[in-house]
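Q: okay, predicted coordinates and the sequence, questions at the end:
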Amino acid sequence: MGSEGPKSVVIHVTGFKKFNVFATNPTETLVSNLQNYTEKTGLPLGVSLGSCTILETAGDGALTTLHKVLESSVSNENNFGSKEVVWLHMGLNGGASNFAIEKQAVNEATFSCPDELGWQPKRVPIVPEDGGITRIRETGCSIDAILEFLKKMKGYDDAMISDDAGRFVCNYVYYHSLRFAEEKGHKSLFVHVPPFSRINEETQMKFMGSLLEAIALSC
């Protein structure tokens, strides 16, 4: 990660509302509480928190809000000077027991169950003008450096890099965000977290703070 220290970066964060059997999505709790948490603990050096937004756990149902907040980051860039802009999306992997940094998203929507608004596409291109369902977009963030930093922090030894964000809503939102980020010269990153029953809320909240610092050090 070098010796230059963290760069100046503004990070916009999103989470999701309830999903399937999870009446409370941990990412809704984490993102909703992030502003207050960082006010108490302080933000990492070089980091500004741009916005914290909760999305519907739905494909097209999340897009209106997603596009609104993505566009707002462009219109508000002057408020943050020349800082790097990063979109950090947090999602739940209900079967996981660790944190996963997602390397990429695929231009395919194949929902194994209906989303929270009842939509269940099968082998549909997320963005038809991008071509077929095999099109991949990768994050511009230095995920190896992010993982290296996290593994040095107590409690995150099992954090990993994933190259498959699934084909459900998380992948759907990530693909749109990566596409937008590329167009605007921003960066986008998606991180999956486990349920609070696997890693408790306090530990996950601390992870969020460490993740913000890792992003500032690596971008």
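A: Received, thanks.

Q: which SSE is immediately downstream of the helix or strand of the chain at the bottom of the mean pLDDT ranking?
A: Within the chain, confidence by mean pLDDT, DSSP states H and E is lowest for helix 59-75 among all helices and strands, at a mean of 88. Downstream of helix 59-75, the next assigned helix or strand under DSSP states H and E is strand 84-92.

Q: so what does the helix or strand just after that following strand touch, helix or strand wise?
A: Downstream of strand 84-92, the first helix or strand assigned by DSSP H and E is strand 100-102. Where contact means 3 or more Cβ pairs under 8 Å, 6 or more residues apart in numbering; DSSP states H and E, strand 100-102 is packed against helix 143-151, strand 160-162, strand 187-193. All C-beta atoms are positioned from the backbone trio N, CA, C, and that covers glycine.

Q: wait, which of the ones you listed is closest to residue 83?
A: For residue 83, the closest of those is strand 187-193, at 11.6 Å, according to Cβ to Cβ.

Q: kindly export that closest one (C-alpha atoms) in CSV.
A: This file holds the C-alpha atoms of strand 187-193, laid out as CSV (Å, rounded to 0.1, in the frame of the first residue of the first chain):
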residue,chain,number,x,y,z
LYS,A,187,-14.9,3.8,-8.3
SER,A,188,-17.4,1.3,-7.1
LEU,A,189,-17.0,-1.6,-4.7
PHE,A,190,-19.4,-4.2,-3.3
VAL,A,191,-18.9,-6.1,0.0
HIS,A,192,-21.0,-9.0,1.2
VAL,A,193,-21.5,-9.4,5.0
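
Q: helices or strands up against that strand?
A: Using 3+ Cβ pairs under 8 Å, 6+ apart: strand 187-193 touches helix 26-41, strand 84-92, strand 100-102, helix 169-184, helix 201-218.
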